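Colleague: Give me the fold of what follows.
(chains A and B)
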Amino acid sequence: MENTFAIPIILPDEDERLDALRRYKILGTYAEKSFIGIAKLVADIFGSSIAMISLVDAEEVHFASNVGLDSTVGPRGESFCSLTILQRGVNVIEDALLDPVVINNPLVCGDFGLRFYAGAPLITHDGHRIGTVCLVDTLPRKFNDHDKKVLEGMANLVMEQIELRLQNLLDAENQLRAKELLTASNEQLSASEKRFQTILDTMAEGVGIIDTAGQLIYANEMAQHILGLTKSEIKQRTYDDPKWQNLRIDGSPLPDEEHPMAIMMRTGVPVLDAEISVQPPDRTRFYIAINAAPLLDQHTGEIIGGIGTFMDVSNRRKVLEQKDEFINVASHELRTPVTSLKAAMQIMDRMKDSPNPAVLSKMIDQSNKSLSRLTSLITDLLDSNKISQGQLNLRKTTFNFSVVANSLADQFSNAGKQKIILEGAIDTEIEADERHIDQVMLNLLNNALKYAPDSEFIYVTANIVGTDFRIAVRDAGPGISADQLSHLFDRYYRVDYSGYQYSGLGLGLYISSEIVKKHGGKIGVESTVGIGTEFWFTIPLSS
Amino acid sequence: MIPAENKKIIVFDDDEDILAICAFVLEGAGWQVFTFNNCNDILKRVAVINPAVILMDNWIPQHGGIAATQLLKNSPESAHIPVIYFTANNNISALAAEAGADAHIAKPFDLDDLEKIVSVTATNAA
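Modeller: Have a look, this model is predicted:
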């Protein structure tokens, strides 16, 4: 920089001063021009033709807010403002031609013909002088203390505006940053909410949230599914909705105050794994296990609602009930032959001193019959136990199916009035466990005889279907209703316990189906009420 | 004692073996024994035979021993005939009470006990 003045114009704090100037972010912005009004006011007050608000940068002086000048920037080494920022007070040069410091300045000695200059520095709140408010004339002038005060006041005014503008800028920046933070945290929050929503929607447990009035205010998808609710209904349901009857496990009505959610809301203590039964108006009763926990206010610790997680445990309960029922049936069925056996033994015991041959023979037959019934029940029980423990082992051999079929047909046809008719590809070699196939056939034929006692003929039909050997046992009995068909092969299922129609453990079809499956085959049933029933199974033929 | 001509008993049980054994034992004790493996037309059958006592199984077609016993006890013609509930079920006393039976005996039973309960129940009612 070329200094045209007779004194140095850079002070030791120049770097800090420049930092202060740049802090205001005003250079090169529209705001530079926003002080033209003040420049005009200065020119008017002092009757000068030139006035400006200048900002002194490292190399140049900027004066976009000016009156009487064509340019808006000049070299720092020529500008009188460079002198003004060297001091705290107003810088006045009443006649430049008489001032040795400025005498060689080109504005003074050149065409411009500057004679008078008065400038007040713009002083930042931390003491840096970043520019001036000044006026210039081409004639020498006087400038008294009052004039200086006014000019200084003008400089303060401008500086206040600049500070104010900076404050606004900072506020805006802070707001922007806060907004960005808020947006980011909102996004995070919504991503987290979405994640929770996904968890809630995919979990196998129902989740319901209630308010203090017991009103359901949220139910996840599984809760809606278990409770059979649609979204619009949720708002109308309380957990103790009278339309939905809550029952104890034993089927008696569950008083509202005994509902796990009510107990939890009353005591504030979580209730875990409480099982209740629910009777909807139009569906079958089901069982749910509930975990109930209070929702507490973060600050006061007051209960503001409750959250219940629950799952449909109807199947678990049904299996338990079926198992109980099964044990009941099994002990009954075991006791029945034991009753005849015990009586027969006692009769023989009574006549042991003078045996009656006819009675003795009858009682021995009875004992043998009872024992074989017991044996077959015990075999069924053991087989079913083996199957449930995955221990059903096959001893496969190659044999002709007709051997099994003929032997059974003879046995049954001699025993009663019903005839077994064998038809189709009975004479087929198969690779299977002969004892188990015999067991399946025996079971299917026994069922046909037992459940279709009035069916004169029972047909056993063999076919080769693709790579399978298919055997069907068909009766012309009463048939089985559709709702019972799907359960026939379940472990503890027996048609109509309540009717006490037929004895037996109800394990036969379960065992048969497991034997067939173990062979890689399929088992099934088709039945029409009033027409008859056909049980069939397939055994893969060895290739 | 019951007059000899009135020593009639009906046994209802779905198990043919038990029916046969009971018939043999009770006939030996001097009873005229009638056996049925179901409870169809029970009121009519009981009215025709007019037994001194009835042995009733729990699991018996069509509707079970409880319903059959209740039917008998609710009918003026048969209400006075004592019913002995006999079953292989676990909760026999509860079942007998529900049915409204006069006595009960669990299966398997001792022959002496069977003869005794039949005799005592019939005598008490007579």
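
Colleague: Return the residues in contact with residue 36.
Modeller: Assuming you mean chain A. Residues near residue A:36 by Cβ atoms under 8 Å, 6 or more residues apart in numbering or on different chains: A:65-67. All C-beta atoms are positioned from the backbone trio N, CA, C, and that covers glycine.

Colleague: My question was about chain B, not that one.
Modeller: Taking Cβ under 8 Å, 6+ apart, we find residue B:36 in contact with B:10-12, B:45.

Colleague: so how far is residue A:251 from it?
Modeller: From residue B:36 across to residue A:251, the span is 34 Å (Cβ to Cβ, to the nearest Å).

Colleague: Residue A:444 is in contact with residue A:535, isn't it?
Modeller: Yes: using Cβ atoms under 8 Å, residue A:444 is in contact with residue A:535, at 5.0 Å.

Colleague: quick one: the helices in the stretch 151-300 of chain A?
Modeller: A:221-227, A:231-234, A:260-267 (DSSP state H, counting those that start in this stretch).

Colleague: Quick check: mean pLDDT of the first one?
Modeller: The average of the pLDDT scores along helix A:221-227 is 85.

Colleague: quick check, nearest of the contacts of residue B:36 to chain A?
Modeller: residue B:12 (11.4 Å; Cβ to the nearest Cβ).

Colleague: out of the contacts of residue A:36, which are inside strands?
Modeller: A:65-67 (DSSP state E).

Colleague: Pick the one among those closest to chain B.
Modeller: residue A:65 (107.1 Å).

Colleague: My guess is residue A:72 contacts residue A:60. True?
Modeller: No: using Cβ under 8 Å, residue A:72 is not in contact with residue A:60, being 10.1 Å away.

Colleague: The residue nearest to the spatial centre of chain B: helix or strand, and which one exactly?
Modeller: Closest to where the C-alpha atoms of chain B average out (Cα atoms, centre = their mean) is residue B:55, at 1.3 Å. Element membership of residue B:55 [criterion: DSSP states H and E] is strand B:53-56.

Colleague: what pairs with that strand, and is each one parallel or antiparallel?
Modeller: The strands beside strand B:53-56 in its sheet (DSSP bridges) come out as strand B:8-12 (parallel), strand B:83-87 (parallel).

Colleague: Then residue A:322 would be within a helix, right?
Modeller: Yes: judged by DSSP: H, G, I helix; E, B strand; the rest coil, residue A:322 forms part of a helix.

Colleague: what residues does chain B put near chain A?
Modeller: Neighbours of chain A within chain B, by Cβ under 8 Å from any Cβ of the partner chain: B:14-15, B:17-18, B:20-22, B:24-25, B:58-64, B:87-90, B:107-111.

Colleague: Of these, just the buried ones, PyMOL syntax please.
Modeller: Command for PyMOL that selects the buried part of these, burial taken from 16 or more other Cβ atoms under 10 Å in any protein chain shown:
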select buried, chain B and resi 14+15+17+18+20+21+22+24+25+58+59+60+61+63+64+87+88+89+107+108+109+111
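
Colleague: picking that back up, quick one: residues contacting the residue nearest to the centre of chain B.
Modeller: Counting by Cβ under 8 Å, 6+ apart, residue B:55 touches B:9-13, B:22, B:84, B:86, B:118.

Colleague: Report pLDDT for the closest residue to it other than its chain neighbours.
Modeller: The shortest distance from residue B:55 to any residue other than its chain neighbours is 4.5 Å, reached at residue B:11 (Cβ to Cβ, 6 or more residues apart in numbering or on different chains). We have a pLDDT of 96 for residue B:11.

Colleague: quick one, what contacts residue B:11?
Modeller: B:19, B:22-23, B:26, B:33-36, B:54-55.

Colleague: And residue A:81, how close does it get to residue A:222?
Modeller: Residue A:81 is 78 Å from residue A:222, where distance means Cβ to Cβ.

Colleague: Specify which residue of the two has the higher count of neighbours.
Modeller: Remark: of residue A:81 and residue A:222, residue A:81 carries more neighbours, 29 against 21, as counted by other Cβ atoms under 10 Å in any protein chain shown.

Colleague: Just confirm the more buried one contacts residue A:132, I think it does.
Modeller: Yes: here residue A:81 reaches residue A:132: they are 4.5 Å apart, a contact under Cβ under 8 Å.

Colleague: list the residues that contact both of those two?
Modeller: With Cβ under 8 Å, 6+ apart as the test, residue A:81 and residue A:132 both reach A:54, A:56, A:119.

Colleague: Now flag whichever of these is closest to residue B:124.
Modeller: residue A:56 (131.3 Å; Cβ to Cβ).

Colleague: and that closest one, what are its bridge partners?
Modeller: residue A:61.

Colleague: where does chain A come near chain B, residue by residue?
Modeller: A:328, A:331-333, A:335-344, A:346-347, A:350, A:359, A:362, A:366, A:369-370, A:498-501, A:503.

Colleague: what's the distance between residue A:458 and residue A:442?
Modeller: 13 Å.

Colleague: And the two? Which one has more around it.
Modeller: residue A:458 (24 against 17).

Colleague: element containing the more buried one?
Modeller: If you go by DSSP H and E, residue A:458 is part of strand A:457-465.

Colleague: picking up where we left off before, same list, the contacts of residue A:36, but as JSON lines with neighbour count please.
Modeller: Shown next, in JSON lines, are these (neighbours: other Cβ atoms under 10 Å in any protein chain shown):
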{"residue": "A:65", "neighbour count": "23"}
{"residue": "A:66", "neighbour count": "24"}
{"residue": "A:67", "neighbour count": "18"}
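
Colleague: List just the nearest of the residues you listed to residue A:187.
Modeller: Nearest to residue A:187 among the contacts of residue A:36, with distances taken as Cβ to Cβ, is residue A:65, at 43.8 Å.

Colleague: Residue A:168 is nearest to which of the helices of the stretch 151-300 of chain A?
Modeller: Of all the helices of the stretch 151-300 of chain A, it is helix A:231-234 that lies closest to residue A:168, at 48.7 Å by Cβ to Cβ.

Colleague: could you give me the average pLDDT of the closest one?
Modeller: 67.

Colleague: related to what we said a few turns ago, between residue A:444 and residue A:535, which is the more surrounded one?
Modeller: Counted by other Cβ under 10 Å, residue A:444 and residue A:535 do not tie: residue A:444 has more neighbours, with 27 against 24.

Colleague: Start from the N-terminal end of the stretch 251-400 of chain A and give the strands.
Modeller: A:271-279, A:286-296, A:303-312, A:397-400 (DSSP state E, counting those that start in this stretch).

Colleague: Adding mean pLDDT, write the ones you listed out as a markdown table.
Modeller: Shown next, in a markdown table, are the strands of the stretch 251-400 of chain A (pLDDT from 0 to 100):
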| stretch | mean pLDDT |
| --- | --- |
| strand A:271-279 | 92 |
| strand A:286-296 | 93 |
| strand A:303-312 | 92 |
| strand A:397-400 | 94 |
